[in-house]
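# based on what follows, work out the 3D shape:
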Amino acid sequence: MARNDGTPVNLLALDGGGIRGICELRVLDEIMKRVQKEQNLSSLPRPCDYFHLMAGTSTGGLVAILLSQFKMTTKDAIEAYYSFSSRIFSKKNKQYRKSYFVGHEFGEAVLEQIIKEMVVEHKIGDLMLDPQPSAQSKAFVCSQQAHQQGIPVRFRTYEPPQVVRNPSLDTPSSTNTSSPSSPSPSTSPSTDMSLASRSSKEGDTKSTTAATSDPWNEYRDIQIWEAARATTAAPSFFPPMVLSRGGHTRTFIDGAMGCNNPVYELIDEATALFGTDCTLGCLVSLGTGFSGPLTIGVRTGIKQKLDLLLNVKKLATDTETPHENLRRQIRAERDAYFRFQLPSGAEKIGLHQYEKLDELSQLMQAYIEQESSEIDKVVQILVGNLKPQGVKLGEIARSDHGQICPPKKDIRGKPQVSEFFTGREDVLRSLAEAFRPDPNRPNLKRHHLLYGQPGAGKSHTASKFLDDYSHWFEMIFWVDAVCKETLEGGFKQLKEACSEHGYVGDGSAKSIMRWLEVTEKSWILVLDDVRGDVSGYIPQGNRGAVLFTSQNKHMKPVQKSTTMLDVMSEEDAVNLLIFGAQIEEEDAGMREEAAKLAASLAHLPLTLEQAATTLRIQKYKISEYAKLLEDRHHNLLKNNSDSDNVSRVLQAVHASFDVTYKVLNTQAHDTSKETEAEAAKYAVQLLNLFSFYHNEGLMGGILKRAAENHPEDRRQDDFGAGVESFADLLATDESGKWIEYRWQLGIDLLIAYSLIKVIKDNQGRKLYSMHGLMHDWARERMPEYLRCIRAKAARIILFDSIDESRSITSDILYSFRIIPHADAVIEHTESIDIDKLLVAEQYYRFGLALYAAELNFYAYKYLIDAYAIMHSHTGIFCERTITMGESVAESARRQGLVKGTFEFSLKLLEARQRMFGIGDLSSLRALTKCCIMAIELGEFDHLEVMLRVSIKEFFGMYTTEEQLATKTALAVLLYHSGQFDEASDIFSGILQEANAKLGRSHPDTLKAINNLSIVRTRLGDYEGAEEMLKRLAEAEEAIFGPCHVGRASTLHNLAAVYFYQGRFEEALKLFKEARDLTFYICGGYQATIMYHIQGHALAIYCLGNRRYALKKIDRCCRALERHLTAGHIFTKEVELQRDAWRDEEARGIPIQPATISRVIPMFRL
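From the prediction side, this is the model:
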């Protein structure tokens, strides 16, 4: 049932908390008294006449019933609360010894009797369901089935909201067409038992006709006393409530476990009732007092276990997490969400100590005085004096209530359209005309360019077009086209979406484009912010739609069909300012002022949104903001000698940014408002920090990791001096855990001021981005000395965040995400003087991140630079220098550059042994690395004895240290020596050990699976090896994505399995895919490409093309001789094969499949 009158709705949420529910009634009583005074009423008004929907859990549920069903004033409710608290929790009603056995402290009969008596007294009927469907105030209470804890059940005073399908799925519109009068579907995550629980679990959208087959009939016949009992059946105080219907029984306990704060249940229910477009007047959430933090302390034994149990209960009944989550969704300045919770004192009072009701009331009186201004805001909204701030229920609901009409597709990388988007109807119509599908051939080729100057809103307009017309396309793809790297990365992220529609491939740009060229499904590809030639990233053929956005009308390839996106018209610009600033009263004079301001902002959407946000939050008059902007313009012209060459657009961007920055900086120094000042301080610090990183993919994880992983010798002044220091953002608590709330305060404020946008990566994680123009100016505007200080600090923080050990999978995944930021911070600090040894450490960490991402060529460059700097300062006899050198050698080995690296590794081994001794653990590990290189070079002499002795004797001294690398080297050596059974046993043991110690997703575990599959293949267990490799490929793709170079060896070894089974076409396809993947990630620098080429040649030969196979294997021989040795086992084997094929070709002998050599296996060492 949607609201038909267009009025906003007021919502009331009531937490659970035993007798501490009096706290809720005291706040509500104060609100209603102020309403009485504001409206000059003769008597105290009732909450049910001002709140459209209430929700309560446990004691909050009881309060909701008093206020809604019994329609009490707060005065009456408080009196009733005092009365029944003393009866319910009296000594007379206590179970004493019985409670020890039955688990609950009080009897249920008293509560039941109280509610039944009240029902009779008030003559309201027995049923919870109100017989008057037009009743102003509705309510529900939360309970849960005892065997389904955490899944709330809603007992309502009204008919459950219907689940209906929105019919307008195929009507495109350039504006939002949904209205408050349109019904919205409800798939609530809570359990309405018959319908909603199945919807939430199965994803159904069923009509309420399904309820007729439900014997419980969605609890339409539940009585008031039953609902009251069910919502208050806290297991430690009362027995469960057993409901019986038609021979069926269900057992209920209170909803406190997982729903003690029912605010999200309330929002979802309100959205289902009133519609997604219904405006929120106010949402008042009342708590029963903060119960204290989770603390264990230093106690031991049984006391510590009891503490743990208490903390588990606290966690399960937590009321603050929902509040904190909702506060992030509805920012404080929007004056729509209000939380009243006694901060301290209540935690000392037991949930059953009714004799302390007066003490609680006194605590609440002091708290109410502190929160007087917030209470006044609630009152003004309730009486209609304060206009709602435009929060729609659909914006904050957790569940799908049809908020998006037609349903939007989840498009990775697509910017979210601003809530203040306005105008551009002509451009949207032009795009619609260009991409309107042909009814007979909906996937016919359509290409179109949207071009305009920076900041004109090209990306957001394209995003708005997709929001409005997404139903025209079965697949929508968005790729950042700034450069080759972003194009390649963007296509990588499309694989998952394409796979849902039948795509199978390696996820590379070429592979996806080939699939798009032939698929029958309709699709549109957005190449956003094109700056170079993107001809190689456009699917060929006559299918699909491509929308380009660019600053350059003559981008390549040149497009015939184009639309220019100019700055906004004066009318649209003024409307955006007024709408975004939420100016309530407008007249001709005010619009004239707005027009002048819009002109000063160059009619640019970027600057207009910035200005509107600042106007709204600071409640500036337009004239006040205009004066600030004029001052910033003047300062820019005065301080910039090159101002004549700066475009009017850039001047507007810079000036609007400076105004917002000044506002934040002023707020940060306003000591009269401590919380606001703190948030502004952190926002300014984050803004300055972010300006040295990449403007996309910003994340709090950088600060968290830097705070928790920085070197022990890191000093506070490394993060900047005085007010310019970033140290506050890196603060940790006593346990060393990062204090996240400072980050959250800052980032929330930056989002509020439209300086930061929220995006999501392909795993759905929250990331943040800044517009490129603002990002650059945030850095360029800094005085030189400040820029140097901040740049050094930003660089230190970033590289401190990289964990050298990379011991868990999340560390490795972080390495992938940090690379663009490391590139950016190095670029932005090139001209700054930084201590050389610090540079060496930073290059080393960056090299390790690149190595973890298997970008070995690039890793090698930074690692060798780090080693060279360190070696020049310390010489080789320094542990840090040796460690860096070993990383250089390992990176070179991973590229296949073993021949030239082996001697270098031996020198490092000798230096380490001289410093620490032959038996030192680090020396033994270094010896293993040298043995691995010797194996790859084919130098097998004495290695088996050496490795066996290392495992049996030396590592006996280090019983707790893992020996995976040494055991792997021995197993590979045994394989090459023909001892396959023992190699298989060792590899099986390695897999078990890695899985147990490191986990299934750790790279070392994945390596063990790969290596074991090779031996299984050699022993003829093709089915077993195939199954292992397929699962390995799936796991690697899920963890690292489709374009991870380690995946190439998996594909190669799977191709070998197919080859030995005679499945040559399948083998050839995978050898090609492995080769292309390696080349795509590493370019021509990865020597291991030669292994893929050898397999490729063998498959081609078996398919009958010997001449082409000869060309391939000849190339492979030359590569093997260059990178390995002439006497290497692989080199000899491949050369023999080449010579045999040459002989066959010369003598005209037919192809001899039975005489071919084996595929070179790709072990991971």
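# give me the neighbour count for the residue lying closest to residue 754 once chain neighbours are set aside.
Among residues not flanking residue 754 along the chain, residue 613 sits closest, at 4.4 Å (CB to CB, 6 or more residues apart in numbering). Every residue, glycine included, has its C-beta placed from N, CA and C. The tally of other residues near residue 613 (other CB atoms under 10 Å) stands at 22.
# mind checking the SS state of residue 613?
helix (DSSP: H, G, I helix; E, B strand; the rest coil).
# which residues does it contact?
If you count contacts by CB atoms under 8 Å, 6 or more residues apart in numbering, residue 613 has them with 580-581, 660, 752-754.
# redo that, cut-off 7 Å
580, 753-754 (CB atoms under 7 Å, 6 or more residues apart in numbering).
# show me those residues that map onto helices.
residue 580 (DSSP state H).
# export the contacts of residue 613 as TSV, with columns for pLDDT.
Compiled in TSV, these are given as follows (pLDDT from 0 to 100):
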residue	pLDDT
580	80
753	86
754	84
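# pLDDT score for the residue nearest to residue 754?
Note for residue 613: predicted pLDDT of 85.
# repeat that for residue 256.
68.
# just to revisit the earlier point, out of the contacts of residue 613, who's nearest residue 778?
residue 753 (12.6 Å; CB to CB).
# so who does the closest one touch?
613-614, 617, 660.
# next, count neighbours for residue 1057.
Count around residue 1057 with other CB under 10 Å applied: 27.
# how far away is the residue nearest to residue 879 when sequence neighbours are not counted from residue 878?
In this structure, residue 879 finds its nearest non-sequential neighbour in residue 915, 6.8 Å apart by CB to CB, 6+ apart. Distance, residue 915 to residue 878, using CB to CB, to the nearest Å: 8 Å.
# ok, of the contacts of residue 753, which one's closest to residue 1023?
residue 613 (61.8 Å).
# and residue 142, what element?
strand 138-145 (DSSP states H and E).
# the stretch 501-650 of the chain: strands as residue ranges?
523-530, 545-550, 562-564 (DSSP state E, counting those that start in this stretch).
# and the strand or helix carrying residue 652, which residues are buried?
Residue 652 belongs to helix 648-668 when elements are defined using DSSP H and E. Burial within helix 648-668, assessed by neighbour count using 16 or more other CB atoms under 10 Å, is assigned to 649-661, 663-664, 667-668.
# one more: stretch 914-924?
In stretch 914-924, counting by 16+ other CB under 10 Å, buried: 920, 922-924.
# do stretch 572-581 as well
Quick answer for stretch 572-581 (16+ other CB under 10 Å): 572-581.
# re the thing from before, out of the buried residues of stretch 914-924, which are inside helices?
Short answer: these in helices (DSSP H) are 922-924.
# read off the pLDDT value for the closest residue to residue 1113 other than its chain neighbours.
Using CB to CB, 6+ apart and skipping residues adjacent in sequence, the residue nearest residue 1113 is residue 1097, 4.1 Å away. At residue 1097, the model reports a pLDDT of 92.
# return the helix or strand in the chain with minimum mean pLDDT.
helix 196-202 (a mean of 32; mean pLDDT, DSSP states H and E).
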